[in-house]
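# This is a predicted model, with the sequence first.
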Amino acid sequence: MSNKKKIEKSEAEKHISRLHPVLILFILKYCSDYEHPLNPPAVTERLNILTCTRHDVKTVTRCLEDLYALNAMDGLDKVLNRKTTNEESPEQPGQPPRKLPRKVLENLEKSYALTFGGYICLSESQKNGYYFEPYITAADMHTLQGTIRSNRYISAVDKEYLHSVLDQAAPQTSITDADFIPHLPVSPDHPTAKDTSDGDLFYQKHTDFMGVVGTLYEAITDKTQVAVTSGQYTISNRHKRKVVFQKNPEPDILNPYALFWHMGDFYLLATKAGEQTPMHLRVDRLVDAKHLPIPRLPVPERLLPYFDPQTEEFLSEEYGSAYPLMTPSQEEDLILCKLECRADALSILVDTFGVEKLQIEHSPISHQDDLATLHRPDSAYFTVRIDRVQYENIREFCLRYRHLVTALQPTRLATDMFLASCDDFARYLDIFPDMLQGNWSAVDGFLKGCNTIIAAAQGHGPFTQREP
């Protein structure tokens, strides 16, 4: 008979023992991956360092087996019934123990995976080696990081902050040192913007993009108003006429309804306090946002079709197809339009309106005698029908891509395009006589004043026929 006395565990040690599954998952999440699995002794070593207490390898082994069993229904059922497999069920003497329903097992598996963002897997290359497999794959992480890195609205400081958040959520590089604590990701501090009192803001230096987004999101969630201070690009008279970002003097009180991305830009959908006309504000043009403890107005009737009636989720794709260029409009003016387009405009149409909104037919117009399209057969054209698009937006689209599209219906759209073309022709007609005579100082602002003498010496003055 052994004389060794059983050492009672302290309350702290008992608490740590109850936390074994959580702590082991934590260790595997940051210290293992497919290429670097950990066996039970290696996990135990890291657990000892983490808790500054000694842990039994057998206990850790059983916990790893239980965690891994969550990946397989039969394995989980076996683990849950491990202690009663050879015992009689108290409810029905002589009968085998009752197994948990499959739905319960599936719920348990899902709850563990969703809680920790992945699964515990068994290595194929190392005996008794376990590793954590996150939901977010390396390819997913690369895409997210690339999206952040390429975003022209997010400052370098904010990008670093977001990368740190991703590293905490789904680390892609495991920590191989046994003493892994010093190498864990550090919780990043949310960057704050510097306050600027002068009129000129050099863009991206002082705007608090992430702070503004956080405030707007909170106001939308709480259904309260927000005070936003916007800015605009302008020409500075103090900085050698450079382009600067100028802060507006007074904030606007808004009813915020949604934040959404559209064609590479981030927008706030809102109305001004006391008004019903929707407006789109570029979030990157907002210098500051403050949450107000004032309930916002209900969603305007004009915007109700773009919110899911059950979940209240904003349907950004449907809204974007109706307002493709985010052109402001005082009234809702949704029209049915028909455009004749060149074949190379199809990708632009899809990017702008989506696939579902486009109805394509062959063009009935002959282009055999067109001077500008001698090398394009009629098959290079098609007619597109677009329903429920806001008039100012489709007009802006046709103006932007008038070299690719011709407005056919409605008549007012075709008329606007014709008048815009006449205006283009008139403006070029005004400058061509001076250009043909070599009078560049009349059309080139950089050749005015003192630069005229220098330009003449370089052969770009009014006495030369050579084009600059």
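Great, that's in hand. Residues are numbered from 1 along each chain as shown.
# C-alpha from now on. contacts and neighbour counts both.
Noted.
# Give me the buried stretch members for stretch 258-274, please.
By neighbour count on 16 or more other CA atoms under 10 Å, the buried set for stretch 258-274 is 258-260, 262, 266-273.
# out of the residues you listed, who's nearest residue 324?
Distance to residue 324, by CA to CA, is smallest for residue 262 among the buried residues of stretch 258-274, at 8.2 Å.
# Among the buried residues of stretch 258-274, which pair sits farthest apart?
262 and 273 (24.4 Å).
# distance of residue 222 from residue 254?
Look at residue 222 and residue 254: by CA to CA, to the nearest Å, they are 14 Å apart.
# which stretches of the stretch 101-250 of the chain have low pLDDT?
190-207, 237-241 (pLDDT under 70).
# how about the strands in it?
118-122, 130-134, 200-201, 224-235, 243-247 (DSSP state E, counting those that start in this stretch).
# Mind giving me the packing neighbours of the first one?
When contacts are defined as 3 or more CA pairs under 8 Å, 6 or more residues apart in numbering; DSSP states H and E, strand 118-122 sits against helix 57-69, strand 130-134.
# Make CSV out of those and add mean neighbour count and distance to residue 141.
Shown next, in CSV, are the helices and strands packed on strand 118-122 (neighbours: other CA atoms under 10 Å; distance: least, CA to CA, whole Å):
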stretch, mean neighbour count, distance to residue 141
helix 57-69, 18, 24
strand 130-134, 24, 11
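# In a markdown table, list these along with distance to residue 26.
Formatted as a markdown table, the helices and strands packed on strand 118-122 follow (distance: least, CA to CA, whole Å):
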| stretch | distance to residue 26 |
| --- | --- |
| helix 57-69 | 12 |
| strand 130-134 | 9 |
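# residue nearest the centroid of the chain?
For the chain, residue 261 is the residue whose C-alpha lies nearest the centre (CA atoms, centre = their mean; 6.9 Å).
# ok but residue 23 is inside a helix, no?
Yes. According to DSSP: H, G, I helix; E, B strand; the rest coil, residue 23 belongs to a helix.
# what's around the spatially closest residue to it that is not a sequence neighbour, how many residues?
Nearest residue to residue 23, sequence neighbours excluded (CA to CA, 6 or more residues apart in numbering): residue 47, at 7.4 Å. By other CA atoms under 10 Å, the residues close to residue 47 number 22.
# then the helix or strand containing residue 47 to CSV, C-alphas only?
Using DSSP states H and E, residue 47 maps to helix 40-51. Taking Å, rounded to 0.1, in the frame of the first residue of the first chain, the C-alpha atoms of helix 40-51 are listed here in CSV:
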residue,chain,number,x,y,z
PRO,A,40,0.1,15.7,-26.6
PRO,A,41,3.5,16.2,-24.8
ALA,A,42,4.2,19.3,-26.9
VAL,A,43,0.7,20.7,-26.1
THR,A,44,1.2,19.8,-22.4
GLU,A,45,4.5,21.7,-22.4
ARG,A,46,2.9,24.8,-23.7
LEU,A,47,0.0,24.5,-21.3
ASN,A,48,2.4,24.3,-18.4
ILE,A,49,4.1,27.5,-19.6
LEU,A,50,0.7,29.3,-20.1
THR,A,51,-0.7,28.4,-16.7
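# From the contact counts, what lies against it?
Looks like helix 40-51 contacts helix 20-31, helix 57-69 (3+ CA pairs under 8 Å, 6+ apart).
# angle of it against helix 57-69?
100 degrees (axes from the mean of the first three to the mean of the last three CA atoms, to 10 degrees).
# and helix 40-51, what's its mean pLDDT?
Averaging pLDDT along helix 40-51 gives 94.
# what residues does it touch?
Outside of helix 40-51, the residues within contact range by CA atoms under 8 Å, 6 or more residues apart in numbering are 16, 23-24, 27-28, 54-57, 60-61, 64, 128-129, 178-181.
# Off-centre distance for it?
Put simply, helix 40-51 sits 38 Å off its chain's centre (CA atoms, centre = their mean, to the nearest Å).
# Identify each buried residue in that helix, please.
Buried-residue list, helix 40-51, by 16+ other CA under 10 Å: 40-41, 43-47.
# what do you get for stretch 208-220?
Those would be 208-213, 215-217, 219-220, for stretch 208-220 by 16+ other CA under 10 Å.
# What are the boundaries of the strands in the stretch 251-400 of the chain?
252-262, 265-272, 279-282, 286-295, 334-342, 358-362, 381-390.
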